[in-house]
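Novice: sequence and predicted model, in that order:
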Amino acid sequence: METQLDLIDGVRCAPSQTLDIELTNPSSGEFIAQVAQTDPAAVDRAIGAADRVDKSGSWRLLNISDRAAALLRVADELDQRGDRIGAAESLGSGVVISIARLFGGSLAGSFRDAVEQMQNGGLVQEVGESDRPVEILRIPWGPTVVLVPWNAPAAMAAKKCAYALAAGAPVILKPPERAPFGCNVLAEAIAAAGLPDGVFQLVHGGADVGIQLTTDMRIRCISFTGSVATGRAIAIAAVADFKAVQLELGGNNPVIIMPDADIGKAARSIATGMTKLNGQWCEGPGKIYVPPALEQELVAALLSELGSIAIGAHDDPEAVMGPLSYREHRDQLQARIDELVRGGATVHQVCAGPDLPGWFWPPRVVTGAAEDRCVEELFGPVVTVHAASSIDAAIELVNASPYGLAGYVFGTDIEAAMAVARSIRFGEVKVNGTSLLDLCPESVQSFWRSSGLGGHGDRDVFRFFCGAQIVGVDRPGLPI
């Protein structure tokens, strides 16, 4: 098991406080550790160190080649720790080890991608003339806070931190209190790479630490992925001194089934999508709109696909789906389903799950629930199915959602399916697939409505951490 250690101004040390939250093995329920929390004075030291680094310019004014070399050293250190990060992430989230190892092995790539962004004109663009230099500069907003959730924290943290560091910002990372260990290995790798003291720091804890970080006026930039409620609180706090804010929040992601859809293929893809990361990912399919004549066929096909999914312990290399992350999340999810049943819904479940004492919750399909009772995200391996009288009716219902993160369309007529995909206002709409990865390397994705602020394509993320500045010799002879 990894250890929770702060990294503050170049020094790694154990946090001095604990929270009343127990970390447990999600496959057995066994106690692992008490959640550690950084004390307020230490958090203040971290903010002070980031402020010092920013004001001195020791990192942001470092030439691009030297900054790139430092980040490439981080990537090399992460290459050596991929399996450790995968094991830590699997234990923290319940995600099966085969998938968690893929995440663990991806962290180094985020740092190399960030270097590519900064070296390919992402920071400086020459727009003047031979005798009149004019530059468009991308410069960091200032000390930056990164806050990540518990479902894939190290991978998300690596991308955000890499791009912020590439932009020239000093970064403070707070890992999720429920799954802190993967981010601790990330911090170890960054420390081993020899970045200057205070350029990257790690603190631990819950809401109190998050509030201290996001409300301090020395912090100028916040990147958060997590719940709508927390994101809204961060946005309100950031308004006081107009910090730059990127918020990737939740969304009950819709699926539209076209009348000509191949139901078997659609069910296979939806089943894979709804159980990926054990159903604990913000862009997973959640709410299916299907022509009435196809509803029974779709539900039967979905249940058939779900019945073949191998559910096992998080560290079982043969398992495709593992337990939920922690007991309270499982209990809250079950309470939400019970509420739908009391409202007249029917729950379909095809397997009982493994005979293990952990936080297992086999996948379910819910039918007969009122559409307006299925607005909020469930965040688990479950979908609700709703008959839509027409595709236009489905589009209208989808666009009435308070969210706009991701959506899915299934149909054999690609032109018609693409037309439907274009008609819904969601940041990413995939046709005939539910993959977790971006559609292409040039991907961009805005967060619509209550799903957040900003976006998360590579260019979106890099640009977020920078403000634009134009510097140059003025044009002579202008009339005004």
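Specialist: Happy to help now that I have it. Residues are numbered from 1 along each chain as shown.
Novice: now do the helices in the stretch 1-150 of the chain.
Specialist: With helices called from DSSP state H, counting those that start in this stretch, the stretch 1-150 of the chain shows them at 40-56, 64-79, 82-93, 97-104, 107-117.
Novice: can you say which of these is packed in most?
Specialist: With neighbours defined by mean count of other C-beta atoms under 10 Å, none of those is more surrounded on average than helix 82-93, at a mean of 24. In this view, the C-beta of every residue, glycine as well, is placed from N, C-alpha and C.
Novice: by contact count, what packs against that one?
Specialist: With contacts defined as 3 or more C-beta pairs under 8 Å, 6 or more residues apart in numbering; DSSP states H and E, the packing partners of helix 82-93 are helix 97-104, helix 107-117, helix 153-167, helix 181-192.
Novice: show me what secondary structure element comes after the third one.
Specialist: Translated: helix 153-167. Toward the C-terminus, helix 153-167 is succeeded by strand 171-174 as the next helix or strand (DSSP states H and E).
Novice: so what touches that next one?
Specialist: Here strand 171-174 makes contact (C-beta atoms under 8 Å, 6 or more residues apart in numbering) with 46-47, 50, 143-148, 157, 161, 164-165, 183, 186-187, 199-205, 209-210, 213, 219.
Novice: that strand - which strands sit beside it in the sheet, and in what orientation?
Specialist: The strands that strand 171-174 pairs with in its sheet are strand 144-147 (parallel), strand 200-202 (parallel) (by DSSP bridges).
Novice: of the ones you listed, which is nearest Ala108?
Specialist: With respect to Ala108, and counting by C-beta to C-beta, the nearest of the strands paired with strand 171-174 is strand 200-202 at 15.4 Å.
Novice: contacts for that closest one, please.
Specialist: For strand 200-202, the surrounding residues in contact (C-beta under 8 Å, 6+ apart) are 5-9, 46, 49-50, 161, 165, 170-175, 183-184, 187, 190-191.
Novice: now that strand: buried residues?
Specialist: If you call a residue buried by 16 or more other C-beta atoms under 10 Å, then strand 200-202 has these buried ones: Phe200, Gln201, Leu202.
Novice: next one: stretch 355-372
Specialist: The neighbour-count check on stretch 355-372 (16+ other C-beta under 10 Å) flags Leu356, Gly358, Trp359, Phe360, Trp361, Pro362, Pro363, Arg364, Val365, Val366, Thr367, Ala369 as buried.
Novice: please verify my assumption that the second one contacts Tyr326.
Specialist: Which is Gly358. No. Using C-beta atoms under 8 Å, Gly358 is not in contact with Tyr326, being 9.8 Å away.
Novice: give me the common contacts of these two.
Specialist: With C-beta under 8 Å, 6+ apart, Gly358 and Tyr326 have common neighbours Pro26.
Novice: quick check: closest non-adjacent residue to Asp79.
Specialist: Take Asp79 and drop its neighbours on the chain: the residue closest to it by C-beta to C-beta, 6 or more residues apart in numbering is Ala108, 4.8 Å away.
Novice: list the contacts of the one you found.
Specialist: Residues near Ala108 by C-beta under 8 Å, 6+ apart: Val74, Ala75, Asp76, Leu78, Asp79, Gly82.
Novice: measure it to Leu302 for me?
Specialist: Per C-beta to C-beta, to the nearest Å, Ala108 is found 37 Å from Leu302.
Novice: for Val420, same thing?
Specialist: The gap separating Val420 from Leu302 is 20 Å, by C-beta to C-beta.
Novice: repeat that for Phe465.
Specialist: Phe465 sits 40 Å away from Leu302, going by C-beta to C-beta.
Novice: compare those two (neighbour count), which wins?
Specialist: More neighbours surround Phe465 than the other of Phe465 and Leu302, with 28 against 24 (other C-beta atoms under 10 Å).
Novice: verify the stated contact: the more buried one with Trp141.
Specialist: Yes. Judged on C-beta under 8 Å, Phe465 makes contact with Trp141 at a distance of 7.1 Å.
Novice: overlap in contacts of those two?
Specialist: Taking C-beta under 8 Å, 6+ apart as the criterion, Phe465 and Trp141 both touch Ala169, Cys221.
Novice: quick revisit: can I get the helices of the stretch 1-150 of the chain in TSV with distance to Leu397 and mean pLDDT?
Specialist: Shown next, in TSV, are the helices of the stretch 1-150 of the chain (distance: least, C-beta to C-beta, whole Å; pLDDT from 0 to 100):
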stretch	distance to Leu397	mean pLDDT
helix 40-56	44	98
helix 64-79	43	97
helix 82-93	32	97
helix 97-104	32	96
helix 107-117	37	96
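Novice: which one of those lies closest to Leu439?
Specialist: It's helix 107-117; of the helices of the stretch 1-150 of the chain, that one is closest to Leu439 (C-beta to C-beta) at 16.3 Å.
Novice: and this structure, what are its domains?
Specialist: Split into domains by automatic domain parsing, the chain comes to 6-249+451-471, 253-431.
Novice: want to throw those into a markdown table with distance to Pro479?
Specialist: Converted to a markdown table, these look like this (distance: least, C-beta to C-beta, whole Å):
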| stretch | distance to Pro479 |
| --- | --- |
| domain 6-249+451-471 | 18 |
| domain 253-431 | 43 |
